[in-house]
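Participant: Any chance you can model this:
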Amino acid sequence: MKKFLKNILLFLLFFVVAYPIGVCITGEIAPYYFRKSLSYNIGGYGFLHSKIKEIDKYKNPDVLIVGTSHAYRGFDNRILKSNGITTFNLASSMQTPIQTNVIFKRYLEKICPKLIVYDVNPEVFNNDGIEAGLDLISNDYVSFDTFKMAVKINDIKVYNTLIFAAYKQFFDANKSFKESRYKNEDTYISGGYVEKKLKYNKVRNFYRPEFFKFNDFQLEYFKGNIEIIKNKNIPFVLIHTPIAKNLYISKKNYNKIDSLMNKLSNNRYYDFNTLIQLSDTLDFYDSNHLNSIGVRKFDDFFIQFMKKENIIKD
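Facilitator: Numbers count the residues shown, from 1 in each chain. Here you go, the predicted model:
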């Protein structure tokens, strides 16, 4: 029996040492085909790496924006600045409440905004958080908060990417990395906006009617994020950035979303899909994202609306 237990302990010790080494070797030299369970992508799709590097330049903005790609593709900080409003956008691709929680704990006090605009994409409440978790692990530093996020998501790709990111961080392997401002059709604008080359949403997709669902742990993290904001006495609004109408009307329980968001924000939730009229084809480049024409229309409307509601001062 003692020999058996000894062998088990030796095996566990070997596994604890050998597995991370294997992950790191795989991440460094293995072809993509053999790295399907590891997704380390520094300088990824949503320019999160560039945003984090800019935080020191954007302390005490009038507005901090967080949320999904709806937000970082929907708010052009140049338009807001031309209206006397300084902004910083820390939204990221499919950012779910658990990633926003890490961002708030790390950077909210440092940024110290006068107002938070929290983009609420209802889809995130039933999202597993894997995509945005991989993005955050790859483009920010590894800490205990990152580890807790990975455990909560509980996905092998997230664990492997965390191990590889920790290895990269330990050896300071990315110190010379600088993210390009240009990727395919996207241009990064300092302050967090990602501008897409002008294109139009030509395909009128049919979306099957469905109901939003709520993942309990994402909902709890969202409520926790609201508490963080309130405890720091920072004014905030919750918004739903416009999406194409044919996608919007396919969802059948907005009343549940509206009720919850209004309750959590003391009736400072604004669904701009019901406040502004936009064209599915002329103002969007796909069903989820505004093109530059739509961004201009939305941002101008948003500024005037926020001033009218006395949320942003003239």
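
Participant: How much space separates residue 133 from residue 75?
Facilitator: Taking C-beta to C-beta, to the nearest Å as the measure, residue 133 falls 23 Å from residue 75. Just so you know, the C-beta spots here come from the backbone N, C-alpha and C atoms, and that holds for glycine as well.

Participant: what's the neighbour count on the nearest residue to residue 191 once chain neighbours are set aside?
Facilitator: Using C-beta to C-beta, 6 or more residues apart in numbering and skipping the chain neighbours, the partner closest in space to residue 191 is residue 77 (3.8 Å). The local packing of residue 77 (other C-beta atoms under 10 Å) involves 22 other residues.

Participant: Check residue 200 too.
Facilitator: 16.

Participant: Same check on residue 100?
Facilitator: By other C-beta under 10 Å, 27 other residues sit near residue 100.

Participant: what kind of secondary structure is it in?
Facilitator: Assigned by DSSP: H, G, I helix; E, B strand; the rest coil, the conformation of residue 100 is helix.

Participant: Look up how far residue 228 lies from it.
Facilitator: Using C-beta to C-beta, residue 100 is found at 9 Å from residue 228.

Participant: cool, residue 161 as well?
Facilitator: 26 Å.

Participant: Which is the succeeding secondary structure element to the helix or strand of the chain with the lowest mean pLDDT?
Facilitator: When each helix and strand of the chain is scored by mean pLDDT, DSSP states H and E, helix 2-29 comes last, with a mean of 73. The first helix or strand that comes after helix 2-29 along the chain, using DSSP states H and E, is helix 48-53.

Participant: helices and strands around that following helix, which ones?
Facilitator: helix 130-139 (3 or more C-beta pairs under 8 Å, 6 or more residues apart in numbering; DSSP states H and E).

Participant: Low-confidence ranges, the protein, go.
Facilitator: 1-16 (pLDDT under 70).

Participant: Recalculate using a threshold of 90.
Facilitator: The chain contains residues with pLDDT under 90 at 1-22, 26, 30-36, 44-45, 202-214, 251-253, 313-314.

Participant: And the strands in it, which stretches?
Facilitator: Assigned by DSSP state E, the chain shows strands spanning 63-66, 87-89, 116-119, 182-183, 186-189, 193-196, 236-240, 269-271, 284-286, 289-290.

Participant: Neighbouring strands - and their directions - for the longest one?
Facilitator: Under the criterion DSSP bridges, strand 236-240 sits next to strand 116-119 (parallel), strand 269-271 (parallel) in its sheet.

Participant: most packed of these?
Facilitator: strand 116-119 (a mean of 24; mean count of other C-beta atoms under 10 Å).

Participant: which residues sit against that one?
Facilitator: Outside strand 116-119, the residues within contact range by C-beta atoms under 8 Å, 6 or more residues apart in numbering are 63-68, 70-71, 74-75, 91, 100, 225, 229, 234-241.

Participant: Report the buried members of these.
Facilitator: By neighbour count, with 16 or more other C-beta atoms under 10 Å, these hold 63-68, 70-71, 74-75, 91, 100, 225, 229, 234, 236-241 as buried.

Participant: how many other residues sit next to the residue nearest to residue 65 when sequence neighbours are not counted?
Facilitator: Spatial nearest neighbour of residue 65, chain neighbours left out: residue 89 (4.4 Å); criterion: C-beta to C-beta, 6+ apart. Neighbours of residue 89 under the rule other C-beta under 10 Å: 30.
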